[in-house]
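task: produce atomic coordinates for the following.
(chains A and B)
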Amino acid sequence: MRPAARLPKGFRDIEAAELRATQAMLAAIRETYERYGFEPLETPAFEYTDALGKFLPDADRPNAGVFSLQDEDEQWLSLRYDLTAPLARFVAENYDRLPKPFRRFATGTVWRNEKPGPGRFRQFTQFDADTVGTESVAADTEICMLAADTMEAIGIKRGEYQIRVNNRKVLDGVLEGIGIDPADPEGERRLTILRAVDKLDRLGAEGVALLLGPGRKDESGDFTAGAGLEQNAIEKVLAFVASGAATGDATLDAIAPLVANSESGTKGLEELREMQSLISAAGYDDGRIRIDPSIVRGLDYYTGPVFEAELTFEVTDDDGRPVRFGSVGGGGRYDDLVARFTGKSVPATGFSIGVSRLQAALARLDRQSAAATLGPAIVLVMDRAELPRYQRMANDLRNAGVRAEMYLGTSGMKAQMKYADKRGAPCVIIQGSNERDEGVVQIKDLIEGAKAAQSIADNKEWKESRPAQVSVPEGDLVEEVKKIIARHQG
RNA sequence: GCCGCCUUAGCUCAGUUGGUUAGAGCGCUAGAUUGUGGAUCUAGAGGUCGGUGGUUCGAAUCUACCAGGCGGUACCA
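Residues are numbered from 1 along each chain as shown, chains lettered A, B, ... in the order given. Next up is the predicted model:
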């Protein structure tokens, strides 16, 4: 039986135009990260599963969320699901020789074995920057500024994005205030609360209130268990989440009374105040970076500041319905990740851009950075006996830095013209026996030709007028082709 | 994982109360046009109607299960 030619679920092929746009975006991000002084680092796609911390509890098998396989020595390997866990492994393994703080950026493919959805795939690209080895919130602030600069570097205008900042310690302070111990190792409830608050933008305050309390039934009738908080506890959490004000300082003042009785909350508030003063000193308090108590992040390894990059414009799908892309980047401080390996706490903070998701959002906006790239100039094969001659023309063009190819198929001239059209060729080079005898080549500008065609309805006229076609001496071929390309690259 | 909706040609979709050989537009291929991508006209290729069972004299149509897709929700360490 023949295998079906089919793409695995949740994966996708990426073709030329998108690939070029991706490369352009990666280059812009990289340039920004380099400018902040981060160094590139590449780690492999696979890590030992235990290094990723991905074994199922109480089982000898990796978590279902990661793609895993067993090596010949029966050790479990998993494809990385983010770039942070491999960084922690790298730092732990090379700790002594690395400069501290250690600052690196990394980009690459990550894999998650989860249910795919629109804009959510099982393989995608992230671009991370992290600073490892300092507790200073200056490092966190800088990461936020980096995130803002990066958004602008890839063509998102000021005002179209926002970097939102909060602090887990403040949140813990609020939880303490309602009788939840954040340090409780059985902190299921804390995580449930975090995740509930994380859904604020999607479900609204009423939805979150249900998730904090008895639970919520969604529109399909499915029920989600809640955190089981008392009514006044729910109100306290929601009050905190809603305490965002017009300015960072006003927000901080609004938060202050809510965490005044908590040591952790007070510490977090101090950190936020320090960040706020650094942010405004750098001028990023103009809306680029904002303190927002509703940002919590669903992951539980964050220990201090957390950030999210959001797009503030609406994106619609092909049917005009609004699409929720969620955050296009996020991060925060994770002071305990390296300690998993060394036992020694190493403070770290970082940010990850979801390149694929960001690009999908930009594509919806029709804002792909790279315009349609011109195809190669095509040398038509009019006479197969003269292949070497055509080959030489293509070579001359290539040596002059012009993308060119000789038609490599075996079809006739009409098909060759169609091929050139489909390839987006700026022009074709035609030399049949007539031209060869005269020592000339015909060069047809396909883009001008297409424009001219719009005003020609009659086929005879279309053929005879040969729009946008010139005859030049063979020696002028390269120069003429360059002229045509220059005209269309403007 | 759970809930709901959907699946007919490469794409977008028609298809009567279940009734002969399942259609259209676009796209594709070829010709009209001995050496010119467009336009026009003509012809052609392309379908086990998502799969497998069931009901029926007869199923694209009804039904059960499965797969895939979409949406919601959960999970996303």
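
what's the local residue count around A:Ser356?
22 (other C-beta atoms under 10 Å). In this view, the C-beta of every residue, glycine as well, is placed from N, C-alpha and C.

is the residue nearest to it when sequence neighbours are not counted in a bridge, and if so with what?
Of all residues not flanking A:Ser356 in the chain, A:Phe124 sits nearest, at 3.9 Å (C-beta to C-beta, 6 or more residues apart in numbering). With DSSP bridges applied, A:Phe124 shows beta-bridge pairing to A:Val110.

next one: A:Asn167
A:Pro305.

which residues touch it?
A:268-269, A:271-272, A:304-306 (C-beta atoms under 8 Å, 6 or more residues apart in numbering).

who's in contact with the nearest residue to A:Ala64 once chain neighbours are set aside?
Nearest non-adjacent residue to A:Ala64, counting by C-beta to C-beta, 6+ apart: A:Asn113, 6.5 Å away. By C-beta under 8 Å, 6+ apart, the contact set of A:Asn113 is A:64-67, A:122.

run the last query once more with 6 Å
By C-beta atoms under 6 Å, 6 or more residues apart in numbering, A:Asn113 lies in contact with A:65-67.

are any of the residues you listed buried, and which?
Buried subset of the contacts of A:Asn113 (neighbour count, 16 or more other C-beta atoms under 10 Å): A:66-67.

got a pLDDT number for the closest residue to A:Ile447 other than its chain neighbours?
Distance criterion C-beta to C-beta, 6+ apart; nearest residue to A:Ile447, sequence neighbours excluded, is A:His488 at 5.4 Å. Per-residue pLDDT puts A:His488 at 89.

and if you look at A:Pro101?
Confidence score, pLDDT, at A:Pro101: 95.

what sits against it?
A:Pro101 touches A:131, A:133-134, counting by C-beta under 6 Å, 6+ apart.

got it, and A:Gly332?
A:302, A:305-307.

cutoff 7 Å now
Contacts for A:Gly332 (C-beta atoms under 7 Å, 6 or more residues apart in numbering) come out as A:297, A:302, A:304-307, A:349.

TSV please, covering those and showing neighbour count, distance to A:Arg164 and pLDDT.
Supplementary listing: those in TSV, determined by neighbours: other C-beta atoms under 10 Å; distance: C-beta to C-beta, whole Å; pLDDT from 0 to 100:
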residue	neighbour count	distance to A:Arg164	pLDDT
A:Arg297	21	10	86
A:Tyr302	25	14	91
A:Gly304	22	15	94
A:Pro305	27	11	95
A:Val306	24	9	94
A:Phe307	28	7	94
A:Thr349	30	16	96
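
and the contacts of A:Asn167, which two are furthest apart?
Greatest spacing in these, by C-beta to C-beta: A:Leu269 and A:Val306 (14.4 Å).

near RNA strand B at all, stretch A:289-309?
Yes. Residues of stretch A:289-309 are located near RNA strand B by C-beta under 7 Å from any atom of the strand, namely A:298-301.

in helices, which of those residues fall?
Per DSSP state H, helices hold no members of these.

ok, so of those residues, who is nearest A:Glu47?
Using C-beta to C-beta, A:Tyr301 is the member of the residues of stretch A:289-309 next to RNA strand B that lies nearest A:Glu47, at 16.2 Å.

distance check, A:Ser78 against RNA strand B.
8 Å (C-beta to the nearest atom of the strand, to the nearest Å).

one more: A:Leu229?
In terms of C-beta to the nearest atom of the strand, A:Leu229 sits 15 Å off from RNA strand B.

any idea how many residues pack against that residue?
Neighbours of A:Leu229 (other C-beta under 10 Å): 24.

domains in chain A, by residue range?
Domain ranges of chain A: A:16-45+A:80-364, A:377-489, per automatic domain parsing.
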